[in-house]
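Student: how would this look folded up:
(2 chains)
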Amino acid sequence: RKEVEQDPGPFNVPEGATVAFNCTYSNSASQSFFWYRQDCRKEPKLLMSVYSSGNEDGRFTAQLNRASQYISLLIRDSKLSDSATYLCVVNPWGYNKLIFGAGTRLAVHP
Amino acid sequence: DAGVTQSPTHLIKTRGQQVTLRCSPKSGHDTVSWYQQALGQGPQFIFQYYEEEERQRGNFPDRFSGHQFPNYSSELNVNALLLGDSALYLCASTPQGVGVETQYFGPGTRLLVL
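Tutor: As a prediction, the model looks like this:
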(Lines give C-alpha, C1' and ligand atoms only; values in the text may rest on other atoms or scores of the structure.)
Protein backbone atom coordinates (compact mmCIF):
# COMPACT_ATOMS: atom_id res chain seq x y z
CA ARG A 1 0.00 0.00 0.00
CA LYS A 2 1.33 3.45 -0.88
CA GLU A 3 1.97 5.84 1.99
CA VAL A 4 -0.08 8.59 0.34
CA GLU A 5 -2.88 7.80 -2.10
CA GLN A 6 -4.82 10.22 -4.24
CA ASP A 7 -7.67 10.18 -6.73
CA PRO A 8 -6.00 9.19 -10.02
CA GLY A 9 -7.76 11.81 -12.14
CA PRO A 10 -7.61 13.49 -14.53
CA PHE A 11 -10.39 15.86 -13.62
CA ASN A 12 -11.75 17.80 -16.59
CA VAL A 13 -14.00 20.66 -15.45
CA PRO A 14 -15.44 23.83 -16.98
CA GLU A 15 -14.45 27.25 -15.75
CA GLY A 16 -16.41 28.21 -12.66
CA ALA A 17 -16.85 24.64 -11.45
CA THR A 18 -16.11 23.45 -7.95
CA VAL A 19 -13.75 20.48 -7.77
CA ALA A 20 -12.66 18.38 -4.80
CA PHE A 21 -9.55 16.27 -4.42
CA ASN A 22 -9.19 13.54 -1.83
CA CYS A 23 -6.16 11.92 -0.31
CA THR A 24 -5.49 9.26 2.32
CA TYR A 25 -2.27 8.53 4.18
CA SER A 26 -1.21 5.36 5.93
CA ASN A 27 1.18 6.59 8.66
CA SER A 28 -0.85 7.74 11.64
CA ALA A 29 2.31 9.34 13.08
CA SER A 30 2.40 11.93 10.32
CA GLN A 31 2.71 15.43 11.68
CA SER A 32 2.34 17.93 8.85
CA PHE A 33 0.25 17.95 5.73
CA PHE A 34 0.35 20.00 2.56
CA TRP A 35 -1.03 20.45 -0.90
CA TYR A 36 1.50 21.24 -3.60
CA ARG A 37 0.80 22.36 -7.13
CA GLN A 38 2.97 21.25 -10.05
CA ASP A 39 2.66 22.76 -13.49
CA CYS A 40 3.69 20.74 -16.52
CA ARG A 41 7.47 20.18 -16.57
CA LYS A 42 7.98 22.48 -13.59
CA GLU A 43 8.92 21.96 -9.95
CA PRO A 44 6.30 21.45 -7.22
CA LYS A 45 5.31 24.56 -5.32
CA LEU A 46 3.58 24.77 -1.98
CA LEU A 47 -0.09 25.63 -2.41
CA MET A 48 -1.12 25.47 1.23
CA SER A 49 -0.58 23.71 4.51
CA VAL A 50 -3.46 21.66 5.92
CA TYR A 51 -4.65 21.86 9.51
CA SER A 52 -7.19 19.88 11.50
CA SER A 53 -9.26 23.00 11.96
CA GLY A 54 -9.42 23.45 8.20
CA ASN A 55 -7.98 26.39 6.39
CA GLU A 56 -8.96 28.58 3.50
CA ASP A 57 -6.96 30.68 1.07
CA GLY A 58 -9.20 32.52 -1.35
CA ARG A 59 -10.91 29.95 -3.55
CA PHE A 60 -8.98 27.06 -1.96
CA THR A 61 -10.07 25.18 1.15
CA ALA A 62 -8.10 22.35 2.72
CA GLN A 63 -9.28 19.95 5.40
CA LEU A 64 -7.59 17.29 7.50
CA ASN A 65 -9.28 14.44 9.35
CA ARG A 66 -6.64 12.74 11.52
CA ALA A 67 -9.01 10.02 12.74
CA SER A 68 -9.74 8.92 9.17
CA GLN A 69 -6.26 9.81 7.90
CA TYR A 70 -7.90 11.78 5.14
CA ILE A 71 -6.99 15.10 3.50
CA SER A 72 -9.05 17.10 1.04
CA LEU A 73 -8.70 20.13 -1.18
CA LEU A 74 -11.65 22.07 -2.54
CA ILE A 75 -11.27 24.55 -5.37
CA ARG A 76 -14.20 26.87 -5.97
CA ASP A 77 -14.87 28.92 -9.12
CA SER A 78 -12.17 27.13 -11.12
CA LYS A 79 -10.01 29.23 -13.41
CA LEU A 80 -8.12 28.17 -16.52
CA SER A 81 -4.94 28.95 -14.60
CA ASP A 82 -5.81 26.29 -12.01
CA SER A 83 -4.95 23.61 -14.57
CA ALA A 84 -2.07 21.67 -13.02
CA THR A 85 -1.28 18.54 -11.04
CA TYR A 86 -2.14 18.71 -7.35
CA LEU A 87 0.07 16.71 -5.02
CA CYS A 88 -0.99 15.59 -1.57
CA VAL A 89 2.05 15.66 0.73
CA VAL A 90 2.74 14.32 4.21
CA ASN A 91 5.63 14.93 6.59
CA PRO A 92 6.19 11.96 8.94
CA TRP A 93 6.82 12.69 12.60
CA GLY A 94 10.52 12.96 13.37
CA TYR A 95 11.59 13.18 9.74
CA ASN A 96 12.53 16.25 7.80
CA LYS A 97 11.30 14.88 4.48
CA LEU A 98 8.15 15.00 2.40
CA ILE A 99 6.17 12.02 1.16
CA PHE A 100 4.20 12.78 -1.99
CA GLY A 101 1.16 11.19 -3.50
CA ALA A 102 1.20 10.48 -7.23
CA GLY A 103 -0.82 13.61 -7.89
CA THR A 104 -4.17 14.37 -9.48
CA ARG A 105 -4.25 16.23 -12.75
CA LEU A 106 -6.79 19.00 -13.16
CA ALA A 107 -7.72 20.43 -16.56
CA VAL A 108 -10.04 23.45 -16.54
CA HIS A 109 -11.59 24.23 -19.92
CA PRO A 110 -13.48 27.30 -21.21
CA ASP B 1 17.56 36.68 -4.38
CA ALA B 2 18.23 33.60 -6.47
CA GLY B 3 16.16 30.58 -5.65
CA VAL B 4 17.35 26.99 -5.79
CA THR B 5 19.35 26.36 -8.94
CA GLN B 6 20.19 23.03 -10.54
CA SER B 7 22.45 21.98 -13.37
CA PRO B 8 22.29 20.68 -15.95
CA THR B 9 18.66 21.14 -16.97
CA HIS B 10 18.66 18.07 -19.20
CA LEU B 11 20.96 15.10 -19.56
CA ILE B 12 21.05 11.99 -21.72
CA LYS B 13 23.11 8.99 -20.63
CA THR B 14 23.34 5.33 -21.54
CA ARG B 15 22.91 2.33 -19.28
CA GLY B 16 25.89 1.62 -17.07
CA GLN B 17 27.21 5.16 -17.15
CA GLN B 18 27.57 7.46 -14.14
CA VAL B 19 26.01 10.89 -13.70
CA THR B 20 26.52 13.86 -11.38
CA LEU B 21 23.81 16.42 -10.80
CA ARG B 22 24.39 19.72 -9.02
CA CYS B 23 22.32 21.94 -6.77
CA SER B 24 22.84 25.36 -5.23
CA PRO B 25 20.45 26.08 -2.39
CA LYS B 26 18.52 29.25 -1.85
CA SER B 27 20.49 31.96 -0.07
CA GLY B 28 20.46 31.39 3.68
CA HIS B 29 19.52 27.72 3.38
CA ASP B 30 21.91 25.09 4.68
CA THR B 31 19.95 21.85 4.26
CA VAL B 32 19.56 20.17 0.88
CA SER B 33 17.25 17.31 -0.01
CA TRP B 34 17.10 15.34 -3.25
CA TYR B 35 13.99 13.78 -4.78
CA GLN B 36 13.38 11.58 -7.82
CA GLN B 37 10.17 12.06 -9.80
CA ALA B 38 9.39 9.40 -12.38
CA LEU B 39 6.88 10.17 -15.09
CA GLY B 40 3.33 10.19 -13.73
CA GLN B 41 4.46 9.84 -10.13
CA GLY B 42 5.05 12.15 -7.21
CA PRO B 43 8.58 13.00 -6.08
CA GLN B 44 10.30 10.35 -3.93
CA PHE B 45 12.77 11.32 -1.23
CA ILE B 46 16.32 10.13 -1.95
CA PHE B 47 18.36 11.71 0.87
CA GLN B 48 19.10 14.90 2.76
CA TYR B 49 22.37 16.65 3.54
CA TYR B 50 23.19 18.96 6.39
CA GLU B 51 26.63 20.03 7.65
CA GLU B 52 28.18 18.05 4.79
CA GLU B 53 26.72 14.79 6.05
CA GLU B 54 23.89 12.58 4.88
CA ARG B 55 21.28 12.98 7.58
CA GLN B 56 18.34 10.98 6.26
CA ARG B 57 17.93 8.53 3.42
CA GLY B 58 14.96 7.15 1.54
CA ASN B 59 14.58 3.73 -0.01
CA PHE B 60 17.20 4.06 -2.74
CA PRO B 61 20.13 1.73 -3.47
CA ASP B 62 23.75 2.58 -2.76
CA ARG B 63 24.19 3.50 -6.44
CA PHE B 64 22.73 6.82 -5.35
CA SER B 65 25.20 8.88 -3.37
CA GLY B 66 25.66 12.51 -2.59
CA HIS B 67 27.85 15.18 -1.23
CA GLN B 68 27.46 18.59 0.34
CA PHE B 69 30.14 21.26 0.14
CA PRO B 70 31.07 23.91 2.73
CA ASN B 71 29.09 26.50 0.75
CA TYR B 72 26.00 24.23 1.19
CA SER B 73 25.77 23.30 -2.49
CA SER B 74 25.25 19.64 -3.17
CA GLU B 75 25.81 16.92 -5.73
CA LEU B 76 23.83 13.79 -6.47
CA ASN B 77 25.77 10.93 -8.05
CA VAL B 78 24.19 7.90 -9.64
CA ASN B 79 26.39 4.99 -10.69
CA ALA B 80 25.66 2.12 -13.06
CA LEU B 81 22.64 3.85 -14.56
CA LEU B 82 19.53 1.80 -15.30
CA LEU B 83 16.70 2.63 -17.67
CA GLY B 84 14.49 3.05 -14.61
CA ASP B 85 16.66 5.91 -13.38
CA SER B 86 15.13 8.11 -16.08
CA ALA B 87 13.30 10.80 -14.13
CA LEU B 88 13.19 14.41 -13.05
CA TYR B 89 15.63 14.92 -10.18
CA LEU B 90 14.61 17.70 -7.84
CA CYS B 91 16.70 19.46 -5.26
CA ALA B 92 15.05 21.25 -2.36
CA SER B 93 16.62 23.50 0.24
CA THR B 94 15.51 24.43 3.73
CA PRO B 95 16.85 26.73 6.40
CA GLN B 96 18.11 24.81 9.43
CA GLY B 97 15.71 24.64 12.32
CA VAL B 98 12.68 25.45 10.21
CA GLY B 99 10.01 22.98 9.18
CA VAL B 100 9.70 21.27 5.83
CA GLU B 101 6.91 23.64 4.82
CA THR B 102 9.69 26.07 3.97
CA GLN B 103 11.31 23.59 1.58
CA TYR B 104 11.92 25.30 -1.77
CA PHE B 105 12.34 23.19 -4.88
CA GLY B 106 14.67 23.86 -7.78
CA PRO B 107 13.55 23.47 -11.40
CA GLY B 108 15.03 19.98 -11.59
CA THR B 109 17.33 18.06 -13.89
CA ARG B 110 15.62 15.83 -16.42
CA LEU B 111 17.67 12.65 -16.89
CA LEU B 112 17.05 10.23 -19.73
CA VAL B 113 18.83 6.89 -19.68
CA LEU B 114 18.94 5.04 -23.00
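Student: Now do the contacts for the closest residue to chain B within chain A.
Tutor: Proximity of chain A to chain B (Cβ to the nearest Cβ) peaks at A:Phe100, 3.1 Å away. C-beta: built from backbone N, CA, C; applies to glycine. By Cβ atoms under 8 Å, 6 or more residues apart in numbering or on different chains, the contact list for A:Phe100 reads A:4, A:36, A:44, A:87-89, B:35, B:42-44.
Student: Dig out what it forms beta bridges with.
Tutor: Per DSSP bridges, residues listed as beta-bridge partners of A:Phe100: A:Val89.
Student: do the same with B:Phe45
Tutor: With DSSP bridges as the rule, B:Phe45 is bridged to B:Tyr35.
Student: near chain B, which residues of chain A show up?
Tutor: A:4, A:32, A:34, A:42-46, A:49, A:87, A:89, A:91, A:95-103 (Cβ under 8 Å from any Cβ of the partner chain).
Student: Are any of these buried, and if so which?
Tutor: Neighbour counting with 16 or more other Cβ atoms under 10 Å in any protein chain shown marks A:4, A:32, A:34, A:43-44, A:46, A:49, A:87, A:89, A:91, A:95-103 as buried within those.
Student: just to revisit the earlier point, save the contacts of A:Phe100 as TSV, and put in pLDDT and distance to B:Thr102 too.
Tutor: As requested, the contacts of A:Phe100 are arranged in TSV below (pLDDT from 0 to 100; distance: Cβ to Cβ, whole Å):
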residue	pLDDT	distance to B:Thr102
A:Val4	95	20
A:Tyr36	96	13
A:Pro44	96	14
A:Leu87	97	17
A:Cys88	97	19
A:Val89	95	13
B:Tyr35	98	16
B:Gly42	96	19
B:Pro43	97	16
B:Gln44	97	20
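Student: Excluding covalently adjacent residues, which one is nearest to whichever residue of chain B sits closest to chain A?
Tutor: Nearest residue of chain B to chain A (Cβ to the nearest Cβ) works out as B:Gly42 at 3.1 Å. The spatial neighbour of B:Gly42 that comes closest, neighbours along the chain excluded (Cβ to Cβ, 6 or more residues apart in numbering or on different chains), is A:Phe100 at 3.1 Å.
Student: That concludes my questions; thank you for your assistance.
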